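> Give me coordinates for this.
(2 chains)
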Number of protein chains: 2
Amino acid sequence: MSDTERNWHSHRDAKAARLANAASLLDGKFAKTKDAKAVLETLLSSGDKVVLEGDNQKQASFLSQTLASVDPAKIHDLHMIMSSVSRPEHLDIFEDGIASKLDFSFAGPQSTRISQMIADGTLKIGDIHTYLELYARLYIDLIPNVVLVAADKVDHEGNLYTGANTEETPVIVESAAFHDGIVIVQANEIVDKVPRVDIPGDWVDVVIPADEPYQLEPLFTRDPQNITELQILMGMMAIRGIYERHNVQSVNHGVGFNTAAIELLLPTYGDQLGLKGKIVPNWEVNPTPTLIPAIESGWIKSIHSFGGEVGMEQYIAARPDIFFVGPDGTMRSNRAFGQMAGQYALDMFVGSTLQIDQYGNSSTVTKGRLSGFGGAPNMGSNPTGRRHSTPAWQSLKPKDDPLGRGQKLVVQMVETFGSNKRPVFVDHLDAEEVQKEAKLANVPIMIYSEDTTHIVTEEGIAYLYKTDSMAERQAAIEAIAGVTPVGMRSTEKELADLRRRGIVALPEDLGVRRTDAKRSLLAAQNMEDLVTWSHGLYNPPAKFRSWS
Amino acid sequence: MSDTERNWHSHRDAKAARLANAASLLDGKFAKTKDAKAVLETLLSSGDKVVLEGDNQKQASFLSQTLASVDPAKIHDLHMIMSSVSRPEHLDIFEDGIASKLDFSFAGPQSTRISQMIADGTLKIGDIHTYLELYARLYIDLIPNVVLVAADKVDHEGNLYTGANTEETPVIVESAAFHDGIVIVQANEIVDKVPRVDIPGDWVDVVIPADEPYQLEPLFTRDPQNITELQILMGMMAIRGIYERHNVQSVNHGVGFNTAAIELLLPTYGDQLGLKGKIVPNWEVNPTPTLIPAIESGWIKSIHSFGGEVGMEQYIAARPDIFFVGPDGTMRSNRAFGQMAGQYALDMFVGSTLQIDQYGNSSTVTKGRLSGFGGAPNMGSNPTGRRHSTPAWQSLKPKDDPLGRGQKLVVQMVETFGSNKRPVFVDHLDAEEVQKEAKLANVPIMIYSEDTTHIVTEEGIAYLYKTDSMAERQAAIEAIAGVTPVGMRSTEKELADLRRRGIVALPEDLGVRRTDAKRSLLAAQNMEDLVTWSHGLYNPPAKFRSWS
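Coordinates of the predicted model:
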């Protein structure tokens, strides 16, 4: 066929043909719940690139279960693109041959099984991504044939209401809707009028009422009663030695008790220091309940969120000055814009990790567990494409370079030994072994040393951005690595020298008294306190309730 | 007022009050064209953060003209947030006191005047941004009170059709619509039914029919007849020495004749080299007409675009397998997603610049001209948050670092002397002076040396990523800097050594014969040829037509 005779609308023709084949199953855009399997068997084609929505919170669980039920003789060797590999059927489809290739971001709950399946050759990995780069590829070289997404409510025109859990739905749907891909939506509910339109109906091809609401995990909820005094000490050091010192205005907190401690120290310890109104008014973070006391006491001006958090709905609806809330009264989250904001508009990212090597590289990938990265590397990296400056950013500018500029603060907060009693500071990351086993192109490092500006442990803070050489960086890490094998290499003399030069700070250097690090310093001691702070608006999920 | 008595919906109250004040001017969401000034005077408030849509192509020109007509006694000291400062009234509003502070990205046509106004103190700069970081801040610390955007068609519910020029409208509107900001839209046309919904009507507060369609510039159109044989030589070198050598699959081309030459060489020179089907199937780029021959001859599989290009509408509509086209048949562009894809999903960025210093830093900011950056630094930087790899990316991985990984190819293509006969290679960038004059926090560098992996001139290619030290990097730059003062420092011996080690390649090292670099090698010689290649579907703007 010569090029002039080429069919330039082959995707459109294929889509029309598939939808025509499914006509008997569809009433307009709507299919019956019981026909879901038949719909997928008709609209999918072997070898398709298929996006299945699901991140670390919201899962298109009805569609993933349905996909796992299709006949592999009819549909096989799909190339799956999934932010999160979270549910058993996400991997079952590979064992059954329905899918064969996977591009993904995060595999928390399935990280052991995915490692084994790669080793066994059951699953071929395309690559591991951050959220943002996986979304990016949907527009470049992983343009999907079919996307499977989840909505709360859908009206008769197919307009989607995704509400507080809008998350990654828009960025996924757009990639298919405008390249003749097929957009299939599971709906919790079909309604006459959606509270608001999150995705226009004419971007949607097929709607299937789900048998039950999509899975939603309260992943960012941390019970204050589990915060330890070591974490409180670290939080106090961070507030004095980083938040205050660098005049941090905008921040993302990762998931964890270290940052939950900081959130609960702002209205108490932060107030004592006179920092209210001076630091962290602006946040890119999920609506974690431990933020409530800081919000209520006037610390926080704005919060944009990647996703929702179960139980926070009413509280958020009552605080539209703080959260991004639609005219209908519920939050609009957006994971793509949230990661963009987290990367480019923040002064600081504060995260945690499972291992840090002697050079300062860190990873959550450990022996036999290929957990992936989620969004941490997007926010926990120095965006060299950034051109605006803020006081915090500029405070890291090297003094002796006329062409120098500031840098993002990327902070790792870890106790020197993990909850498994193993040292967090190691000479070599397990990730180096995992690379070989899983035959990955590169060692799966979450945050590279060069991007890491501070490490906080219960021993002190290492100001890595001040180091001039790798040897000095290693010495600074050793100085705060406690009695781990890495830490044991630090000498008294080295520590004294690093302290003198401001490269390492111990609590006493920061004016933090270890004896002040008491649980009574937390603005909330437990979940019930958070409910009280919220004026009864926060409604914790049952598993976090110890009271009636 | 105690915190428990705090009003947590003050933004919503303010918005409701302003809209109530404008009630007599509104019929539902719709205002009359003649009332536009009164609408803005009622809905704006002095000191507001206001986003005015406009990038380097599409401008909300009716609303910007209207804004310039409001009474400064009523509305003054606005804080303007604008991707692009392109039109005279964009600066008039500062002279008139209507606005006083500006955060922006790009000021091409107004770059001289803006410099002067900063020096005079007429205008206070917040900061200079890339597109992506300016959008990011709309969700963090520049949340707007009012946004002024442009749509093609609007239906009676306020649903917006933005069509091929969707560009930055969605990312701007979302920031206001979900934080009780006011969304004001100028419409080319009010219709009963929009061809498709690009922005849902319930995100929109006020629609004003414009007196004429919004301004739209064919900024990315390059007439092949202006491509020189030097540019063709450079293009041949780039294809052999970079595209082929690194196995580049996905790419962004900046604006300019150098990259236009490459686009027109792919179907000729690229074919001769047997590269068709092997390189650059996937693009993030505006739909530049010089891509037509490569598309028609089967080189290109997909193109996602930041924005549209005047005259390309029919051609794009007829090529939905290549472009992102809606079910209605017209393109959907998206500048925020495009920059995200450009940053995270591409193997390579190829740009051009006005000055490169002896270290490899480059800038388009020159004496007295504060042009800003647009999106180049987003794409022309190495995203250290990227975790997936591709062959091109991996080909830059350092050999001796077990924890090393690949890198984005960031290529600068420049002739050693600019069109103004001044040397492009300079010891110090004019940007260093501009920093002082405009009192900027940092030197306004567009692409930093550390992110620049290759420089191509008419002399040869410097493979900067292979250099081990700044001295070696400088020598490599000198070797291809011709008879500029920087280039004159290169010696025969140094050049021979750099060539031997593969750090510099001359045309003969790449198998490129200077005598082959003829205009006859271009797939299209002029605009008429492009129209022919397009089977008459491309419709060049009048200023590019030399025929009837």
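
> Compute the number of surrounding residues for A:N7.
The local packing of A:N7 (other CB atoms under 10 Å in any protein chain shown) involves 10 other residues. No exception for glycine: its C-beta is placed from N, CA and C like everyone else's.

> do the same with A:D71
Taking other CB under 10 Å as the criterion, the count of residues near A:D71 is 11.

> Contacts only, for it.
Taking CB atoms under 8 Å, 6 or more residues apart in numbering or on different chains as the definition of contact, the neighbours of A:D71 are A:E41.

> make it 10 Å
Neighbour list for A:D71: A:K37, A:E41, A:D96, A:I98 [criterion: CB atoms under 10 Å, 6 or more residues apart in numbering or on different chains].

> tell me the domain boundaries of chain A?
A:12-215, A:224-527 (automatic domain parsing).

> circling back: distance to A:P423 and pLDDT for the contacts of A:D71 - can I get that in JSON lines?
Output for the contacts of A:D71, formatted as JSON lines (distance: CB to CB, whole Å; pLDDT from 0 to 100):
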{"residue": "A:K37", "distance to A:P423": "49", "pLDDT": "98"}
{"residue": "A:E41", "distance to A:P423": "51", "pLDDT": "98"}
{"residue": "A:D96", "distance to A:P423": "40", "pLDDT": "97"}
{"residue": "A:I98", "distance to A:P423": "41", "pLDDT": "98"}
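
> rewinding a little: mind giving me a markdown table with the domains of chain A and columns for distance to B:K518?
Shown next, in a markdown table, are those (distance: least, CB to CB, whole Å):
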| stretch | distance to B:K518 |
| --- | --- |
| domain A:12-215 | 33 |
| domain A:224-527 | 37 |
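
> ok, which residues in the stretch 151-300 of chain A are in contact with chain B?
A:157, A:159-160, A:166, A:170-171, A:174-175, A:177-180, A:194-203, A:205, A:249-252, A:267, A:281-284, A:295-298 (CB under 10 Å from any CB of the partner chain).

> Now go through those and say which are in strands.
The members of those that map onto strands under DSSP state E are A:L160, A:S250, A:V251, A:N252, A:N282, A:W283, A:E284.

> can you put those residues in a markdown table and add distance to B:Q231?
Listed next are those as a markdown table, based on distance: CB to CB, whole Å:
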| residue | distance to B:Q231 |
| --- | --- |
| A:L160 | 48 |
| A:S250 | 43 |
| A:V251 | 47 |
| A:N252 | 44 |
| A:N282 | 46 |
| A:W283 | 48 |
| A:E284 | 43 |
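
> Show me the two of these that sit farthest apart.
Spatially, the most separated pair among these is A:L160 and A:V251, at 31.3 Å (CB to CB).

> Which of these two has more residues huddled nearby?
The residue with the greater number of neighbours, taking A:L160 and A:V251 and applying other CB under 10 Å, is A:L160; the counts read 30 against 27.

> Tell me how far that one lies from B:D155.
18 Å (CB to CB, to the nearest Å).

> again with A:T467
As defined by CB to CB, A:T467 lies at a distance of 59 Å from B:D155.

> and if you look at A:P170?
With distances defined as CB to CB, the gap from A:P170 to B:D155 amounts to 21 Å.

> For A:Q215, give me the backbone phi and psi.
For A:Q215, the backbone dihedrals are phi -70, psi 140 (criterion: degrees, to the nearest 10).

> Around it, how many other residues sit close by?
A:Q215 is flanked by 17 other residues according to other CB under 10 Å.

> For it, give the beta-bridge partners.
The bridge-partner assignment for A:Q215, based on DSSP bridges, gives A:Q59.

> Contacts only, for it.
Here A:Q215 is in contact with A:G54, A:Q57, A:K58, A:Q59, A:A60, A:S61, A:F62, A:S64, A:Q65, A:S86, A:R87, A:A150 (criterion: CB under 10 Å, 6+ apart).

> picking that back up, just the buried residues from the residues of the stretch 151-300 of chain A next to chain B, in PyMOL please.
To isolate the buried ones among those in PyMOL, judged by 16 or more other CB atoms under 10 Å in any protein chain shown, type:
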select buried, chain A and resi 159+160+166+170+171+174+175+177+178+179+180+194+195+196+197+198+199+200+201+202+203+205+249+250+251+252+267+281+282+283+284+295+296+297
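
> Of the residues of the stretch 151-300 of chain A next to chain B, which belong to helices?
When DSSP state H defines the helices, the subset of those inside them is A:P170, A:V171, A:E174, A:S175, A:A177, A:I295, A:E296.

> What ranges does the stretch 351-500 of chain A have for its helices?
A:376-379, A:391-394, A:430-438, A:470-479, A:492-500 (DSSP state H, counting those that start in this stretch).

> name the helices or strands packed onto the longest one?
So that's helix A:470-479. Using 3 or more CB pairs under 10 Å, 6 or more residues apart in numbering or on different chains; DSSP states H and E as the contact definition, the elements that helix A:470-479 packs against are strand A:355-357, strand A:461-463, helix A:492-500, strand A:504-505.

> Centre of the chain to it, how far?
Computed by CA atoms, centre = their mean, to the nearest Å, the chain-centroid distance of helix A:470-479 equals 29 Å.

> So which of the contacts of A:Q215 wins on neighbours?
So for the contacts of A:Q215 (other CB under 10 Å), the most neighbours sit at A:K58, 30 neighbours.

> ok, the spatially closest residue to that one that is not a sequence neighbour to chain B distance?
Residue nearest to A:K58 in three dimensions, not counting chain neighbours: A:N165, with 4.7 Å by CB to CB, 6 or more residues apart in numbering or on different chains. A:N165 sits 14 Å away from chain B when distances are taken as CB to the nearest CB, to the nearest Å.

> Also A:V325?
6 Å.

> and what of A:R245?
On the measure of CB to the nearest CB, A:R245 and chain B end up 19 Å apart.

> okay, that residue: pLDDT?
Model confidence at A:R245, expressed as pLDDT, equals 98.

> ok, it - contacts?
Taking CB under 10 Å, 6+ apart as the contact definition, A:R245 lies against A:A238, A:I239, A:A392, A:S395, A:H454, A:I461, A:Y463, A:A505, A:L510.

> Quick one: the strands in the stretch 101-250 of chain A, in order.
Remark: strands of the stretch 101-250 of chain A, listed N- to C-terminal, are A:124-128, A:146-154, A:160-161, A:182-190, A:206-209, A:215-216, A:250-253; assignment by DSSP state E, counting those that start in this stretch.

> Out of these, the one nearest B:T416 is which?
Of all the strands of the stretch 101-250 of chain A, the one in closest proximity to B:T416, counting by CB to CB, is strand A:124-128 (39.1 Å).

> and the closest residue in space to A:E95 that isn't next to it in sequence, how many neighbours?
Excluding its sequence neighbours, the residue lying closest to A:E95 (CB to CB, 6+ apart) is A:T122, at 5.9 Å. When neighbours are counted by other CB under 10 Å, A:T122 registers 16.

> Same check on A:G108?
Neighbour count for A:G108, taken as other CB under 10 Å: 17.

> That one contacts A:H90, doesn't it?
No - counting by CB atoms under 10 Å, A:H90 is not a contact partner of A:G108; they are 11.4 Å apart.

> shared neighbours of the two, which are they?
Shared between the contact lists of A:G108 and A:H90 (criterion: CB under 10 Å, 6+ apart) are residues A:S84.

> so what's the nearest residue to A:A475 once chain neighbours are set aside up against?
Distances taken as CB to CB, 6+ apart place A:E494 nearest to A:A475, at 5.4 Å, with adjacent residues excluded. With CB under 10 Å, 6+ apart as the criterion, the residues that contact A:E494 are A:E472, A:A475, A:A476, A:E478, A:A479, A:V504.
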